[in-house]
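Visitor: could you look at this predicted model? Sequence included:
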Amino acid sequence: MAASEAVPFAKTGGLADVAGSLPQALAARGHDVRLILPYYGCIKKSSIPVTDTKLTISVPISNKWESARIFESRLKAGNPVYLIDRESYYNRPELYGTAEGDYPDNAERFCFFSQAIVAVIKRMGLNVDVIHSHDWQTGLVCPLIKVVEKNSPLFQKTAVAFTLHNLAYQGLFWHYDMHLTGLPWSVFTPEGIEFYGKINLLKAGIVYADAITTVSKKYSEEIQTKEFGYGMDGLLAQRRKDLYGILNGADYTQWNPESDPFIIQNYARDNWEGKKRCKADLLHSYGIKTAAETAVIGMVGRMADQKGYDLIASAIGKLMKMGVVLIILGKGEERYHRLLRQLSKAHPERLGVKIAFDNALAHKIEAGSDYFLMPSRYEPCGLNQIYSLRYGTIPIVRATGGLDDTVTEYDTGTGRGNGFKFDRYSKESLLEKIRQAMALYERPPHWDKIRQNAMTCDFSWDRSAHEYEKMYRTILEKR
Ligand code: ADP
């Protein structure tokens, strides 16, 4: 398994949750799964134990050979984790860039990383059945195996799987960067890794992988359409026989109100006292004073176009008039930081905004809110709504991608359903859905029922790991 981030080592989003959990879920099913990551500065600063293997690798970057050292750590379940140490690339304050933009040498950083993944396997003589890489940062691994290592005895029986976590991030670089990829110019064609004159590292994964997976059924269908495909729709439709939609699981050892160490009091389905305290504690951390019965809506997420912050901004006046409290935690693009700070100044008593990446606070929001809002334009899987269900925090989501696959609309007639979802990406649809959700808050039998329904949903990793396992077998049989 190769990824550019994984819990508990480094995280900016859902990819890290998946890359940290899936290897362990597969290990629990009897597989030997090892993870390869860059050795980032944040890992060096953490207290995670790491040992030096004293092995080094070298890969061709431009007209030089660049080297790195391999360090080793472990996941909780014992899976070995190989860390590629190259200070000049990975010892930086962030993983990919700052609020001002991406690091300008990302092509070099991740072409190096992808080549290093192959080099580590060779250097350690690992006899791998499947290499599973994720997103554009490791897309290059697929053509490296299928083209460059085509005749290498070590990889004759190796199958390659590639997972798309978000089509909007493609790793597009100008063609002058071909000298960083380790690939021959013969693959720089529209059938290969070229995308309108540029190198596209995500496309490299899609074209050369034996199987492509994405993180929900609905998103696997959406990305074959123009609206969601970001230019990859035609290619994905062509490859649909090899395209799998496998929903992410949740790591309930991390996200469980009964044992969560980040929240002020644990609680369970048959004991809600703790949740009340969590709510008071959350409001206190945001400095919001309000009556205990005021409904609190929480939101945690990267501040990017995808996540619907513009919709929140356009609806905020009316939303505040509904008498709710909205609590937001997020980090990302500078323009959203500015926008949300302005809004919170305008509504200090009902809108709490923190611009930060803060895992402990994310847990407090899951536990302390009554509702969890995800008005995403698109959402490949989305993990927060899955976590919120376990915390009895009712999701209000836009019906797209994994949000649509995991949230079912509550029906007051049958008492079935675990949340609320709206279709149109518009302020009116959002407000109307929040109004409907609020109405339930004041009807105790239904409110209790929906929270019970939410908390009994099970999205544990084992089911998803089984799906991955089936996919691995299919591609191995074809080798
Ligand atoms: P994405 O991968 O698009 O960012 P997901 O919902 O799949 O969205 O995953 C987001 C993950 O990152 C969740 O585990 C969420 O709690 C976490 N997260 C996102 N933003 C923050 C933040 N500002 N502080 C703490 N955790 C965050």
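Guide: Looks like it arrived, so ask away.
Visitor: the residue of the chain found nearest the ligand: what's it in contact with?
Guide: Nearest residue of the chain to the ligand, counting by C-beta to the nearest ligand atom: Gly14, 2.4 Å away. (Each C-beta comes from the backbone N, C-alpha and C, glycine too.) With contacts taken as C-beta atoms under 8 Å, 6 or more residues apart in numbering, Gly14 has the following neighbours: 165, 215, 248, 380-383.
Visitor: of the residues you listed, which are in range of the ligand?
Guide: With C-beta under 6 Å from any ligand atom as the criterion, the subset of the contacts of Gly14 in contact with the ligand comprises 381-383.
Visitor: a markdown table for the residues you listed, including neighbour count?
Guide: Below are the ones next to the ligand among the contacts of Gly14 laid out as a markdown table (neighbours: other C-beta atoms under 10 Å):
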| residue | neighbour count |
| --- | --- |
| Cys381 | 28 |
| Gly382 | 30 |
| Leu383 | 24 |
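Visitor: which one of those residues sits closest to Thr253?
Guide: Proximity to Thr253 was ranked across those by C-beta to C-beta; first place goes to Leu383, at 14.3 Å.
Visitor: list the contacts of that closest one.
Guide: Remark: with contacts taken as C-beta under 8 Å, 6+ apart, Leu383 is in contact with 14, 17, 248, 250.
Visitor: tell me the pLDDT of it.
Guide: In this model, Leu383 is scored at 95, pLDDT.
Visitor: from Tyr169, how far out is it?
Guide: Going from Leu383 to Tyr169 by C-beta to C-beta, to the nearest Å gives 17 Å.
Visitor: try Leu339
Guide: Using C-beta to C-beta, we find Leu339 at a distance of 22 Å from Tyr169.
Visitor: got it, and Ile297?
Guide: Look at Ile297 and Tyr169: by C-beta to C-beta, they are 28 Å apart.
Visitor: ok, now Gly419?
Guide: Counting by C-beta to C-beta, the gap from Gly419 to Tyr169 is 27 Å.
Visitor: same check, this time on Arg74
Guide: For Arg74, the distance to Tyr169 (C-beta to C-beta) stands at 29 Å.
Visitor: who has more neighbours, the two?
Guide: Neighbours per residue, other C-beta atoms under 10 Å: of Arg74 and Tyr169, the larger number sits with Tyr169, 19 against 15.
Visitor: just to check, that one is in contact with Trp136?
Guide: Yes. Contact status for Tyr169 versus Trp136: in contact at 5.9 Å, counting by C-beta atoms under 8 Å.
Visitor: what do the two both touch?
Guide: Residues touching both Tyr169 and Trp136 comprise Leu202, with contact defined as C-beta under 8 Å, 6+ apart.
Visitor: and the helix or strand that Leu22 is a member of, how far from the chain's centre?
Guide: In this structure, Leu22 sits in helix 14-28 according to DSSP states H and E. Taking C-alpha atoms, centre = their mean, to the nearest Å, one finds the center of helix 14-28 at 11 Å from the center of the full chain.
Visitor: and the next helix or strand past that helix?
Guide: Following helix 14-28 in sequence order, the next helix or strand is strand 35-38 (DSSP H and E).
Visitor: residue contacts, Arg86?
Guide: 38-39, 66-69, 112, 116.
Visitor: ok, stretch 342-354 near the ligand or not?
Guide: No. No part of stretch 342-354 sits close enough to the ligand to count as contact by C-beta under 6 Å from any ligand atom; the gap is at least 8.0 Å.
Visitor: which residues touch that stretch?
Guide: Taking C-beta under 8 Å, 6+ apart as the rule, stretch 342-354 contacts 283, 286-290, 313, 316, 320, 324-330, 340-341, 361.
Visitor: of the residues you listed, which are in range of the ligand?
Guide: Checking these against the ligand (C-beta under 6 Å from any ligand atom), the matches are 329-330.
Visitor: return the closest of the contacts of Gly14 with respect to Arg435.
Guide: Proximity of the contacts of Gly14 to Arg435 was ranked by C-beta to C-beta; the top entry is Gly382 with 22.5 Å.
Visitor: within the helices and strands, which one has the closest one?
Guide: Counting by DSSP H and E, Gly382 is held by no secondary-structure element, helix or strand.
Visitor: kindly report the same for the one 10 residues further on.
Guide: Assigned by DSSP H and E, Gly392 belongs to no helix or strand.
Visitor: is Glu72 part of a helix or strand, or is it coil?
Guide: Glu72 carries the three-state label strand when classified by DSSP: H, G, I helix; E, B strand; the rest coil.
Visitor: one more: the one 5 residues further on?
Guide: Judged by three-state DSSP, the three-state class of Ala77 is coil.
Visitor: quick check, pLDDT for it.
Guide: pLDDT for Ala77: 97.
Visitor: swap in Val407?
Guide: On the pLDDT scale, Val407 is placed at 98.
Visitor: my guess is it meets Ile394, correct?
Guide: No. Using C-beta under 8 Å, Val407 is not in contact with Ile394, being 9.3 Å away.
Visitor: mutual contacts of these two, please.
Guide: What both Val407 and Ile394 touch, as defined by C-beta under 8 Å, 6+ apart, is the set 418-420.
Visitor: please list all residues in contact with Lys45.
Guide: Contacts of Lys45 (C-beta under 8 Å, 6+ apart): none.
Visitor: one more time with 10 Å
Guide: Taking C-beta atoms under 10 Å, 6 or more residues apart in numbering as the criterion, Lys45 is in contact with Asn91.
Visitor: quick one, strands of the stretch 1-150 of the chain?
Guide: The residue ranges that make up the strands of the stretch 1-150 of the chain, judged by DSSP state E, counting those that start in this stretch, are 35-38, 51-61, 64-74, 80-85, 97-98, 101-102, 130-134.
Visitor: residues contacting the closest residue to Arg435 other than its chain neighbours?
Guide: With C-beta to C-beta, 6 or more residues apart in numbering as the measure, Met322 is the residue that lies nearest to Arg435, at 7.0 Å, once sequence neighbours are left out. Met322 makes contacts with 295, 297, 315, 350, 431, 434-435, 438, as judged by C-beta under 10 Å, 6+ apart.
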